[in-house]
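S.K.: just to be clear, the model below is a prediction. Sequence and coordinates:
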Amino acid sequence: MMSALSLIPFVIGLVGYDSCLKSTPDLWKYGPEYNFKVECNASLTNTAYNEISITNVTLDLICRPFYSTSVVSSGSDALQCKISNAQMNNYNFDIKNIKKHDNHSLPFEINNQTFEIIYTNNGIKNINIQLPVSPWRMNIYRTIASYLNYGYNDFVKNVETTYNITKLENSTLGECQANMSVTKYPNYEFTGVKMNSPCDKLKLETIAYKDKYPVVEFHKNRILNNCTKKTPYFFGGDDDTINKPSRYFTNNTNSYVVYVTAPLSFESQTINNGILTLFNKSAPVYESTSIRLVEIKPAKSEFKRIESPGITNIHSHSEIIIPAAYILSFLFFFYLNIKMKIVCLIPFVVGLIGFDKCQKDSPEVWKHGPEYTFRMKVNASLSYPKLSNNAFSNLTIIVKCRPFSTEINQENDGLQCYVHSAQKQNHDIIQSTKLPKIHADRPTLPFDIGNKTFEILFSNNGVKDIRVELPISNWRLNMFRAISSQLNFGFNGFDKDEDTFTIEQNENSTIGNCYTKIEESSVSGFALAPQSFGSHTINKGTLTYTNVKISSPTMEHIDLRLVSIDPAIKELKRLDKPGISTLASGDTIEKIATPKTVLK
């Protein structure tokens, strides 16, 4: 049984839990659960296009206190947290017309991953994370943790009701000097929103002051031009391009935090200002985030620590230390010194290590093998110089794939995939004599690629062929080819002895069989880390309308990243009498017999 509990370890204690446990032991036997409400509002002002983009994110944060080592006299020293009900809303406004021309709400893919916040007397020591996790998600979890981080505990007990200090503080923005102030209220009736609880004996108190000062305000103003380490970051920044340069640059200029604690209330607000630069164009960013304790209720299940977690600190983009026991890691085959039977993410190139351990630990869960979820984003532009008009298209596709083998006792050489969902949005922009402006934003609509299954067969040199359910239109087949090409290294002659090398060879792709220059350390291409896989493709060309003899330059950016690895829920069945074709767009389809099925 816990002897003392904390809401924020070493700073805010939870009083009365022992009375709740004594009066209703069965209800509180698993300890308390803290429910927080988090809301983030961010705005980006694009003066070049007379636009303001506003993003609103809401989520529920559920945390449980625990002791990471032995019992700490001042209370529990850690929180285990999970996010639920995350939702994101985007709005775009025309500055001149004050007209809302785009509004859509989307689920925010950060739910249900457990992380642990370990504290010391000076704030957050490290964060333990359930693996695997993408860099993008990890930065969000760091940001959430920072809202529960005072970074200070040297509260002075016998001085005036308000005092100021300056000290070095760690946050997602780096290690920076911060001006801090503490204001204590000995006789103050708090009139804000109060938390709920089925036990009316629970209350909060600042550990240093107890009930002598029931209400305490803590202000923190970070001095971002005085940092020993600076790691600029804004909430939800889509910087999941690990091992590649970021597509944008952020620079935080101001960061201010206030915490307010009362017997039945805890809340904080963080305000960040800065500049975001994309394609050499800069725009001011404003971000306001609040977190409020909504409820303290009994936990419903026995507390369990994360097994073999990754360990990192609170600085954004920091390295995650992967323990030796971690069971879902990726490795290049050419770095393996021994021959082993292995499940692949990308056959012959990227392996999935530890799946046998997953099956051994949870055979019923993983009996049908793993399922990979990829997210693919396509941004395409088409220019009409004679018409002073540009067209833009944004396509987001969720693809799910499962590995299989065509031969017994060999590593899997195939992926069976289908499109889970697809959305498309088009924009038309007219170039005026002054500034370009959005002429028409069409709503985001489902993109009907169909639910047909397709199989990608690999050889040592990349994609060998694609097999599809028949009948199928050439348009849909070309979409499947485009998806497959994002998983096609087209090469496996990696050199073990050199960190960087370049070769030239012929390669098969949707464009055809072309002479290609391959660099292992290329900044545009494939990026792989123990917890992350992604690819980036840029295509440029010209589209010609033969009937009107108009040519238009086109550009296409394609990003694909691995989102999750989950247990498959049913037995894998190979396609029956599929059509077979190559990666090359426009190639013919040949009908073949039912293939052999070897499940992994």
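M.R.: Noted; the coordinates are in hand.

S.K.: ok, which stretches of the stretch 401-550 of the chain are strands?
M.R.: Using DSSP state E, counting those that start in this stretch, the strands of the stretch 401-550 of the chain run over residues 414-430, 437-441, 445-446, 454-459, 462-468, 502-509, 512-519, 526-529, 532-545, 550-567.

S.K.: nearest spatial neighbour of Arg476, chain-adjacent residues omitted?
M.R.: Gly450 (5.7 Å; CB to CB, 6 or more residues apart in numbering). Placement of C-beta: from N, CA and C, glycine included.

S.K.: that neighbour reaches Leu477, doesn't it?
M.R.: No: in this structure, Gly450 is not within contact of Leu477 by CB atoms under 8 Å, at 10.6 Å.

S.K.: give me the more crowded residue out of the two.
M.R.: Leu477 (20 against 14; other CB atoms under 10 Å).

S.K.: which ones are touching that one?
M.R.: Counting by CB atoms under 8 Å, 6 or more residues apart in numbering, Leu477 touches Ile466, Val468, Ser581, Ile589.

S.K.: quick one: which of those residues is nearest to Ile306?
M.R.: Nearest to Ile306 among the contacts of Leu477: Ile466, at 39.3 Å, using CB to CB.

S.K.: that closest one - how many residues pack around it?
M.R.: 24.

S.K.: what about it, distance to Asn164?
M.R.: For Ile466, the distance to Asn164 equals 66 Å [CB to CB, to the nearest Å].

S.K.: how about Thr206?
M.R.: Using CB to CB, one obtains 17 Å as the distance from Thr206 to Asn164.

S.K.: between these two, which is the more surrounded one?
M.R.: Thr206 (24 against 9).

S.K.: and the more buried one, what are its bridge partners?
M.R.: Legend: beta-bridge partners of Thr206 under DSSP bridges are Ile12.

S.K.: so it touches Ile12, yeah?
M.R.: Yes: using CB under 8 Å, Thr206 is in contact with Ile12, at 6.1 Å.

S.K.: what sits in contact with each of those two?
M.R.: The contact sets of Thr206 and Ile12 overlap at Thr261 (CB under 8 Å, 6+ apart).

S.K.: which regions of the stretch 251-400 of the chain sit below the pLDDT cut-off?
M.R.: The model of the stretch 251-400 of the chain has pLDDT under 70 over residues 278-280, 323-342, 382-390.

S.K.: and the helices in it?
M.R.: 355-361 (DSSP state H, counting those that start in this stretch).

S.K.: which one of the strands of the stretch 401-550 of the chain has the lowest average pLDDT?
M.R.: Of all the strands of the stretch 401-550 of the chain, the minimum mean pLDDT falls on strand 437-441 (a mean of 44).

S.K.: if I pick Phe115, what's in contact with it?
M.R.: Contacts of Phe115 (CB under 8 Å, 6+ apart): Gln80, Cys81, Lys82, Ile127, Asn128, Ile129, Gln130, Tyr141, Ala145, Ile306.

S.K.: average pLDDT for the host helix or strand of the second one?
M.R.: Under DSSP states H and E, the secondary-structure element containing Cys81 is strand 78-94. If you average the pLDDT over strand 78-94, you get 86.

S.K.: leaving out chain neighbours, which residue sits closest to the residue nearest the centre of the chain?
M.R.: By CA atoms, centre = their mean, the chain has its centre lying nearest to Arg137, at 2.8 Å. Excluding its sequence neighbours, the residue lying closest to Arg137 (CB to CB, 6+ apart) is Ile110, at 5.7 Å.
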